[in-house]
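Peer 1: Give me a model of this one.
(one chain, ligands or ions: 1)
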Amino acid sequence: MKFFKFFVSKNTAMVNPPPGSFGLPFIGETPAFITANSSNKGLYEFVKTRHLKYGSCFKTSIFGGTHVFISSTEAAKLILSGDSLDFPKRYISSIAELLGDQSLLCASKENHKIVRHRISNLFDLDSFSSSINFFDELTLKTMAQWEKRKSALVLDDAMKITFNAMCKTLISLTEENELEMLQKDVLLVGEAMLAIPLKLPGTRFYKGLKARERIMNKLKRMIELRRKGLEFHEDFLQSLLTTDDPLTDGQILENILTLIIAGQDTTANAIAWMVKYLDENQEVQDTLRLHLSSEIHGFPLGLEALHRMSYASKVVKESLRMMTIVSWLPRVAMKDCQIDGFHIKKGWILNVDARAIHYDPTIYEDPMKFNPLRFEEDSKPYSFLAFGVGGRTCLGMNLAKAMMLVFLYRLMTSFRWKVTDNDSSLEKWGLFPRLRSGCPVLVTPLKTEKAFTLDSLS
Ligand code: HEM
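Peer 2: Okay, the predicted model is just below:
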């Protein structure tokens, strides 16, 4: 029976489009979308209120396009697997303008295939391993400061550590001032992604475009120096420049920016939410400590140790379910079709609502409960979408999970700690859900642990 729910029909006129409102002429529901993004409830509030009003599939009009939000695993399979129909990825045009049309996130199908293939070659075991070691080194240094201060803002520090680790791995940038300047520009690009695309001086979008220009110029200079043989570094950029079949400069520049944006904010926010969930669930924390001490005892913190962290991996997964950092996955319908019994027109954007799937009680029992053990059993197909599935699965998934595990390990084995602000409201204009409180913690060092010894790095 399900098969008939998803066929491409030449005669779909008899089937209704999804419920929902197109809002006002021309601007549609864009003002409500922007209002949600500039509130402390966050962008997903726009989707959540309509999901509650119209059900698991609804339509709306934002930024001049028709968007459908859909939250069944059957629809997710159909749209994301690309098995039967083709639903290419499609971001709103302002995102494409800020990242560039050569960016992995926005490239055409053909370009995407080439770029993804070349870039994924670089996520090999060696570079992966050195990225993790560097991330660990930075985490240890940062936590050494926590020990002195007895307190910390987890989100700020996680942003800095992930940003610095990404910049080192990608472009060998380690100079403090330059890192700070670049981080500010990356933040401006991120904030502009969901702003109204007005190119007027002073607007958020304009500031984002200017920041992109500065980042591109900086990266261009780096490429120039390396091409002239004036600089050489063993990093991601160098490999991209010296491979037999190199990408174009445009592809390299836009994808370095993409990797920084896709990797930093997401992972840092995920770390802060994980700390918050653990704080709210002391019994999970206790179990985690027991597991870490028995599973990792005597192992240096390298890839093997990470593989042994089975309970901690479930904590990471459950945190990513509870706070779905990328709330929905956008694709475009290339033909008229029927999905979940609704008529979808060619050109409409189909957003797979990952967050709603993660909170569906028919998939996850008691979904509001933070329960890592729910992942003892394999997830049902298309029910865990934190990193997407199919041909557009997150390229940095393993790196992100490894960074979260390293941070978790160091936090749990170095301190007793307590979050001092339980506020769950979100920062305005965040591309991803970002805790407004920054997740402040008070920490008490666990003196018995061998923490902060850089020689413990593998
Ligand atoms: C907790 C952290 C992260 C989360 C939750 C996350 C999540 C996601 C999601 C949901 C997608 C889109 C899937 C889709 O539309 O189907 C994605 C794509 C992507 N992510 Fe991540 N990500 C994280 C970290 C990273 C890191 C660390 C990197 C890079 C080092 C990275 C690089 C990418 C890239 C390049 C894509 C585009 C892949 C493509 O379209 O082929 N991500 N990520």
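
Peer 1: Which positions in the stretch 201-350 of the chain make contact with the ligand?
Peer 2: Applying Cβ under 6 Å from any ligand atom, one finds that the stretch 201-350 of the chain approaches the ligand through 258-259, 262-263, 266-267, 270, 320, 325-326, 329. From N, CA and C alone the C-beta is placed, and that goes for glycine too.

Peer 1: cool, the stretch 51-200 of the chain as well?
Peer 2: In this structure, the stretch 51-200 of the chain approaches the ligand at residues 89, 104-105, 116, judged by Cβ under 6 Å from any ligand atom.

Peer 1: one step back: counting only helices, which of the residues of the stretch 201-350 of the chain next to the ligand make the cut?
Peer 2: 258-259, 262-263, 266-267, 270, 320 (DSSP state H).

Peer 1: And the strands in the stretch 151-300 of the chain?
Peer 2: Assigned by DSSP state E, counting those that start in this stretch, the stretch 151-300 of the chain shows strands spanning 151-153.

Peer 1: Name the residue of it that lies nearest to the ligand.
Peer 2: residue 263 (3.1 Å; Cβ to the nearest ligand atom).

Peer 1: Next up, the contacts around that residue.
Peer 2: Listed by Cβ atoms under 8 Å, 6 or more residues apart in numbering, the contact partners of residue 263 are 162, 166, 396, 399-400.

Peer 1: rewinding a little: the residues of the stretch 201-350 of the chain next to the ligand into a markdown table, with extra columns for pLDDT?
Peer 2: Output for those, formatted as a markdown table (pLDDT from 0 to 100):
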| residue | pLDDT |
| --- | --- |
| 258 | 95 |
| 259 | 95 |
| 262 | 92 |
| 263 | 92 |
| 266 | 96 |
| 267 | 97 |
| 270 | 98 |
| 320 | 98 |
| 325 | 98 |
| 326 | 97 |
| 329 | 96 |
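
Peer 1: Which pair in the residues you listed has the greatest spatial separation?
Peer 2: Using Cβ to Cβ, those reach their maximum pairwise distance at 258 and 320, which is 20.6 Å.

Peer 1: So if I had to pick from these two, which one is more boxed in?
Peer 2: More crowded of residue 258 and residue 320, by other Cβ atoms under 10 Å: residue 320, with 24 against 21.

Peer 1: and the nearest residue to the more buried one once chain neighbours are set aside, how many residues sit next to it?
Peer 2: Spatially, and ignoring its direct neighbours in sequence, residue 320 is nearest to residue 386 (3.8 Å; Cβ to Cβ, 6 or more residues apart in numbering). Residues lying near residue 386 (other Cβ under 10 Å) number 23.

Peer 1: Can I take it that residue 386 is in a strand?
Peer 2: No - applying DSSP: H, G, I helix; E, B strand; the rest coil, one finds residue 386 to be coil, outside a strand.

Peer 1: The residue of the stretch 301-450 of the chain found nearest the ligand: what's it in contact with?
Peer 2: Taking Cβ to the nearest ligand atom, the ligand has its nearest neighbour within the stretch 301-450 of the chain at residue 396, 2.1 Å off. Residues in contact with residue 396 (Cβ under 8 Å, 6+ apart) are 123, 259, 262-263, 267.

Peer 1: how about the residue nearest the centre of the chain, what does it touch?
Peer 2: Nearest to the geometric centre of the chain sits residue 266, at 3.6 Å (Cα atoms, centre = their mean). Residues near residue 266 by Cβ under 8 Å, 6+ apart: 325-326, 400, 432.
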